[in-house]
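*Asks:* Below: sequence and its predicted model.
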Amino acid sequence: MATPILMPKLGLTMTEGVICKWFHKAGDHVSKGDVLFSVETYKMTNDIEAEEDGVLIKIIGQAGDTLPCTAIIGYLGAEGEVVEENIPSSDTIEPAHFEEETPVSAAQQPMRSTGENGYILASPAAKHFARERGIALEKINPSGSNGNILLRDIEKLTDDSVKSSPMAAKMAKELNVKLTDVPSNGRVMKADVTSYASTQAIKSVEGSEEIVPMSVMRRTIAMRMSESHSIAPTVTYHASVNMTAMKSLKVDLQNCDFKVSYSDILVYVVSRVLTEFPMVNCSVEDTNLRLKKYVNMGLAVAVPNGLLVPVIRGTDKMSLKQISVCAKEMAAKAKEGTLSQDDLTGGTFTITNLGMYGIENFNPIINQPEVAILGVNMIKETVMPQGEGFIINPMMTLSLTADHRAVDGAVAAQFLSRVRELMETPGLLLLGK
């Protein structure tokens, strides 16, 4: 008996997936473990393997189709086996089209007919179009079977078939507008013609547009960001940090053949400060706060289709070198699309860096169920007073968005102040205070 191939459910939050590619065609023999198809989810693209030997009897879900989890997308079975045509569920049925009948020749063109109650038979689209433009269906010659009037029959009408005022007819002629195209409340008036002409003129000068369907990742990002914005009452706090000491530290480490980024240093510093401020490293659960006694740092990484946040676990216990190695590994896996489900879950705090794009400050959105996220901005050479003169310092703004349900303004300010203190005086890290 044929075995249905289902759209897999790859994680608790997955509700649908997009079929990217089939690696075999119908009729091919496949072995257990062979890659059958690939699926795009919010987090990554996954290759799905065959669970048994057999023949790919039928492919139902085609490349590019978006289908719910557990939907049947194909069948695997024995050679020569046949499966019945799959009837799509209500979630996958395409909207019905009003104009499904094929044209008939003039010799075959039927006479107009009426239904049991004397109504003229016409498709819903034809009725709607005629009603909007005040066109009498009695004047229309049908081309559909059984004397059914179709939309195309009405579109062929001349302006003489449309009810209109004399001024509307004159205006339509001057503006080169077809009365059959002008919507109205039963009789086309002058205002209807001028309004329609204005709309068409605007459309003619507008640039071309393209509708691009959102990827699964983009739809999920949109949904989760909207949920986060509606769930958490947030406040964003900005603090400037003098990066002179950090620049010097970065150069010293490079001279020791150990290349680190400012993001690596921030992860190291912020992870230790989070242990001092557990309210910034917690989550809200109904009327409770879950305080985390560990730090799993999420690092936002831009990928072609959106944004991923791989998580480095236990960063409060790691050395700077360990953090740097793990961060580079996670960023590479994100861009290659090889992150696992575990790599993307369990974060307690997130850092997102837009400094390399020249951003001076922004309001990052919290990655639920965390209660805070730190935005990192560009380093900007800034003229500052010193004594009786001036000095130029490399300044960077940190932007902390916090959930006010858990993090009060004073706590957020103290947290940022502590991060700034350690960034400007890194020697304090050696003292453990």
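*Replies:* Nice, I can see it.
*Asks:* Give the ranges of residues in the stretch 301-433 of the chain that sit below the confidence cut-off.
*Replies:* 432-433 (pLDDT under 70).
*Asks:* now the helices: where do they sit in it?
*Replies:* For the stretch 301-433 of the chain, the helices defined by DSSP state H, counting those that start in this stretch cover 320-336, 409-424, 428-431.
*Asks:* Out of these, which is closest to P213?
*Replies:* Smallest distance to P213 across the helices of the stretch 301-433 of the chain (CB to CB): 22.8 Å, for helix 320-336. For every residue, glycine as well, the C-beta is placed using N, CA and C.
*Asks:* Show the low-confidence segments of the stretch 151-300 of the chain, by residue range.
*Replies:* The stretch 151-300 of the chain contains residues with pLDDT under 70 at 155-161, 186, 202-208.
*Asks:* If we use 50, what do you get?
*Replies:* Applying pLDDT under 50 to the stretch 151-300 of the chain picks out no residues at all.
*Asks:* Mind jotting down where the strands sit in it?
*Replies:* Assigned by DSSP state E, counting those that start in this stretch, the stretch 151-300 of the chain shows strands spanning 234-242, 282-285, 288-291, 296-299.
*Asks:* CSV please, covering the ones you listed and showing mean neighbour count and distance to E210.
*Replies:* Formatted as CSV, those follow (neighbours: other CB atoms under 10 Å; distance: least, CB to CB, whole Å):
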stretch, mean neighbour count, distance to E210
strand 234-242, 17, 34
strand 282-285, 16, 40
strand 288-291, 12, 45
strand 296-299, 24, 33
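*Asks:* how about those in JSON lines, adding distance to S399?
*Replies:* As requested, these are exported to JSON lines (distance: least, CB to CB, whole Å):
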{"stretch": "strand 234-242", "distance to S399": "5"}
{"stretch": "strand 282-285", "distance to S399": "20"}
{"stretch": "strand 288-291", "distance to S399": "23"}
{"stretch": "strand 296-299", "distance to S399": "16"}
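*Asks:* Indicate which one of these is closest to G64.
*Replies:* strand 296-299 (30.9 Å).
*Asks:* Partner strands of the closest one, with direction?
*Replies:* Partners of strand 296-299 in the sheet, by DSSP bridges, are strand 311-313 (antiparallel), strand 349-353 (parallel).
*Asks:* Give me the distance between the two termini of stretch 184-193.
*Replies:* One end of stretch 184-193 sits 9 Å from the other (CA to CA, to the nearest Å).
*Asks:* tell me which residues in it are buried?
*Replies:* Applying a neighbour-count criterion of 16 or more other CB atoms under 10 Å, the buried positions in stretch 184-193 are 184, 188-190, 192-193.
*Asks:* do the same with stretch 341-356
*Replies:* 343-345, 347-355.
*Asks:* Just the terminal-to-terminal distance for it.
*Replies:* 28 Å.
*Asks:* repeat for stretch 61-73
*Replies:* This stretch, stretch 61-73, spans 4 Å end to end (CA to CA).
*Asks:* Report the rounded mean pLDDT for that stretch.
*Replies:* Across stretch 61-73, the average pLDDT comes to 86.
*Asks:* Tell me the gap between it and the middle of its chain.
*Replies:* Between the centre of stretch 61-73 and the centre of its chain there are 18 Å (CA atoms, centre = their mean, to the nearest Å).
*Asks:* List the contacts of that stretch.
*Replies:* 4-9, 14-22, 37, 59-60, 74, 86, 89, 91-92, 216 (CB atoms under 8 Å, 6 or more residues apart in numbering).
*Asks:* run the last query once more with 7 Å
*Replies:* 4-9, 14-22, 60, 74, 86, 91-92 (CB atoms under 7 Å, 6 or more residues apart in numbering).
*Asks:* Also stretch 399-413?
*Replies:* By CB under 7 Å, 6+ apart, the residues outside stretch 399-413 that reach it are 232-238, 277, 279-280, 282, 284, 289, 361-366, 371-375, 377, 415-416.
*Asks:* Surely L36 touches A26?
*Replies:* No: contact criterion CB atoms under 7 Å: L36 and A26 do not qualify, at 11.8 Å.
*Asks:* If you count neighbours, what's buried in stretch 401-417?
*Replies:* Buried residues in stretch 401-417, counted by 16+ other CB under 10 Å: 401-403, 406-407, 411-412, 415-416.
*Asks:* start to end distance for it?
*Replies:* OK, stretch 401-417 end separation, CA to CA: 14 Å.
*Asks:* circling back: which of L36 and A26 has more neighbours?
*Replies:* L36 (20 against 12; other CB atoms under 10 Å).
*Asks:* What's the separation between that one and S215?
*Replies:* Going from L36 to S215 by CB to CB, to the nearest Å gives 21 Å.
*Asks:* same check, this time on E381
*Replies:* From E381 to S215 the distance is 39 Å (CB to CB).
*Asks:* Those two - which one has more neighbours?
*Replies:* Each of E381 and S215 has its neighbours counted (other CB under 10 Å); S215 has more, 17 against 8.
*Asks:* Now do that one against T45, distance only.
*Replies:* S215 is 10 Å from T45, by CB to CB.
*Asks:* and if you look at G347?
*Replies:* Counting by CB to CB - G347 and T45 are separated by 21 Å.
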